[in-house]
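Q: whatever this is, show me its structure:
(2 chains)
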Amino acid sequence: MKLSAQEYARRVRRIGPHSPLGMDCLWAFGVGGCICLLGEVLRQRYLALGLEADLAGTLTSCSLIALSAVLTTLGWYQKLAAKAGAGSLVPITGFANAVVSAAIEFKSEGRVLGTGAKMFTIAGPVIVYGTLAAVVYGVVLWAAGALGVALPS
Amino acid sequence: MVNRCGDTLLFEAPPVIAAGAAVGGKKESEGPLAAEFDELSSDNRLGQSGWEAAETHLQLRAARLCLKKAALPQEKVQLALAGDLQAQCTASSYAMRELGVPFAGVFGACSTMAEALGLGAVLCSSGAARNLLAMASSHFCAAERQFRTPLSYGAVRTPTAQWTATAAGCCLLQPQGEGVGIAAATFGRVQDYQVKDINNMGAAMAPAAASTLLHYFRDTNTEPQEFDCIYTGDLGQVGSQLLRELLAAEGFLLKNHVDCGCILFDAKEQQVKSGGSGPGCCAAVLCGHILPRLRRGSQKRVLFAATGALMSQTTFLQKESIPAVAHLVELRGPEKEN
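A: Numbering: from 1, shown residues only, chains lettered A, B, ... in the order given. The predicted structure is shown next:
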């Protein structure tokens, strides 16, 4: 065929079909917003029960993680995520889904080399680069402190 | 006797597909071709402990049903050519552990069925095998966990993505006799147009299909309209449109083209985006849909070109582009005596 790779790439782009970006964004915004709203409702409930702000925040995260794990096990979270995309991926529930889904999937390869080893195949990079980012910010914060510049901690 | 003309092998006395069987899983049982399968299961585990074992079971069922239809005892099979998508083709190897017939594994990703048919036809016509099984399978769940993400991981599928079929197809080939004839075979050349999007296999494979079809048309001096239908395997809607455009640019109008990936599922209703894929997709469509039409006489001469994307998870992560290949066989309905 006479076609070059560049010409073919143009043809592929023209044919599409492209993701419905507007709709995808709306879904992500709606579902992501609802998950955050649920988190805030939970936090207010924990505060109303007389818990300290720190503890209420931690308990909220734990509750959302537990909820996501249960929904993943029931096979419902991925049905929501198929529409919501980043809306269900970015909140902490998405992180829980990434860990739990891998743990379930690789159970057939055994508890140690299956579930244990593969549990963090998707979530692992988030932990690695999350920790790295925290270290970098820590260094910046320390350096700013040494120079007498106030940064939000 | 086999004659070579360019890349195409022409069989003077075409070997025949004496019988074929198609088995499928849940989504296939809800699709438009459900009635044409020999056996369907509403449970994708098929009573097995894992997805990989379920795929092995699919192959076994397809092989046994095929032999039953041909009323041929298992011991008379002289060679089986089979392949699948699992790493090191284990679905086929484990199925063959049960069948216990001489086995040569083949791998052409989603083009495996056409590759096995082409090789099988050569072996049959040369006298190397009298009863030969050609088969291929895929399993959605086994493929997802190997190539993409865990099944319960939440993610959006892009509109160009395809759905791996949970299906297997098996054909029994014989040097002569009753059945659909394999008149010619063209083994494809690997094509790579620098497509790197793993969610757009149709675009990666369309140039391979175009290349093999062009070789076949030029080698045999034929035109697309001389065939009742030109079937491709697993290009999906995106790849099919690209194939038609590529061939039109070369002066071949493809009006009688059907893609197996586009007919196995109802793309809208079943939310499979661009269509079906996987070695089992075109293998099952061939055995359940195409062969019966040829046997009934509603189609007399068709091309079956199956395409395969030849990357791996490793090459994809290393940012390599996706090479693809397409193999083709020309099928002819049995001569009817009036």
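
Q: enumerate every residue touching residue B:181.
A: Listed by Cβ atoms under 8 Å, 6 or more residues apart in numbering or on different chains, the contact partners of residue B:181 are B:11, B:14-17, B:331-334. In this view, the C-beta of every residue, glycine as well, is placed from N, C-alpha and C.

Q: pLDDT weak spots in the chain?
A: All of this refers to chain A. Along chain A, the parts satisfying pLDDT under 70 run over A:152-153.

Q: think we crossed wires, I meant chain B
A: B:336-338.

Q: what about the residue in it that chain A sits nearest to, neighbour count?
A: With Cβ to the nearest Cβ, the shortest gap between chain B and chain A falls at residue B:154, namely 2.3 Å. Residue B:154 has 27 neighbours, counted by other Cβ atoms under 10 Å in any protein chain shown.

Q: what's the helix or strand for the nearest residue to it once chain neighbours are set aside?
A: Using Cβ to Cβ, 6 or more residues apart in numbering or on different chains and skipping residues adjacent in sequence, the residue nearest residue B:154 is residue A:81, 2.3 Å away. Residue A:81 belongs to helix A:77-84 when assigned by DSSP states H and E.

Q: flag every buried residue along that helix.
A: A:77-78, A:80-81, A:83-84 (16 or more other Cβ atoms under 10 Å in any protein chain shown).

Q: and what of stretch B:7-15?
A: B:7-11, B:14-15.

Q: and it with chain A, contact?
A: No: against chain A, stretch B:7-15 shows no contacts by Cβ under 8 Å from any Cβ of the partner chain, the least distance being 14.3 Å.

Q: give the contact list for the closest residue to chain B within chain A.
A: When scored by Cβ to the nearest Cβ, chain A has residue A:81 as its residue closest to chain B, at 2.3 Å. Neighbour list for residue A:81: A:88-89, A:94, A:97, B:153-156 [criterion: Cβ under 8 Å, 6+ apart].

Q: mind running it again at 10 Å?
A: Contacts for residue A:81 (Cβ atoms under 10 Å, 6 or more residues apart in numbering or on different chains) come out as A:31, A:71-72, A:87-89, A:93-94, A:97, A:101, B:152-156.

Q: among those residues, which lie within helices?
A: Using DSSP state H, the members of those that fall in helices are A:31, A:71-72, A:87-89, A:93-94, A:97, A:101.

Q: residue B:206 against residue B:326, yeah?
A: Yes: if you go by Cβ atoms under 10 Å, residue B:206 and residue B:326 touch, sitting 9.2 Å apart.

Q: and the stretch 201-338 of chain B, which of its residues are near chain A?
A: When proximity is defined by Cβ under 10 Å from any Cβ of the partner chain, the stretch 201-338 of chain B lies next to chain A at B:202-204, B:206-207, B:210-211, B:214, B:237-239, B:241-242, B:245-247, B:249-250, B:271, B:273-274, B:321.

Q: name the element residue B:308 belongs to?
A: Going by DSSP H and E, residue B:308 is in strand B:301-309.

Q: tell me which residues of the following helix or strand past that strand are tucked away?
A: Sequence-wise, the next helix or strand downstream of strand B:301-309 (DSSP H and E) is helix B:313-317. By neighbour count on 16+ other Cβ under 10 Å, the buried set for helix B:313-317 is residue B:316.

Q: check stretch B:37-49 too.
A: So, applying 16+ other Cβ under 10 Å, buried residues of stretch B:37-49: B:37-41, B:44-46.

Q: now do the helices in the stretch 101-250 of chain B.
A: B:112-125, B:140-147, B:201-220, B:236-249 (DSSP state H, counting those that start in this stretch).

Q: which stretches in the stretch 51-200 of chain B count as strands?
A: B:79-83, B:103-105, B:132-138, B:162-164, B:167-174, B:180-186 (DSSP state E, counting those that start in this stretch).

Q: closest to residue B:67 out of these?
A: Smallest distance to residue B:67 across the strands of the stretch 51-200 of chain B (Cβ to Cβ): 6.8 Å, for strand B:167-174.

Q: for that closest one, buried residues please.
A: Buried, per 16+ other Cβ under 10 Å, within strand B:167-174: B:167-174.
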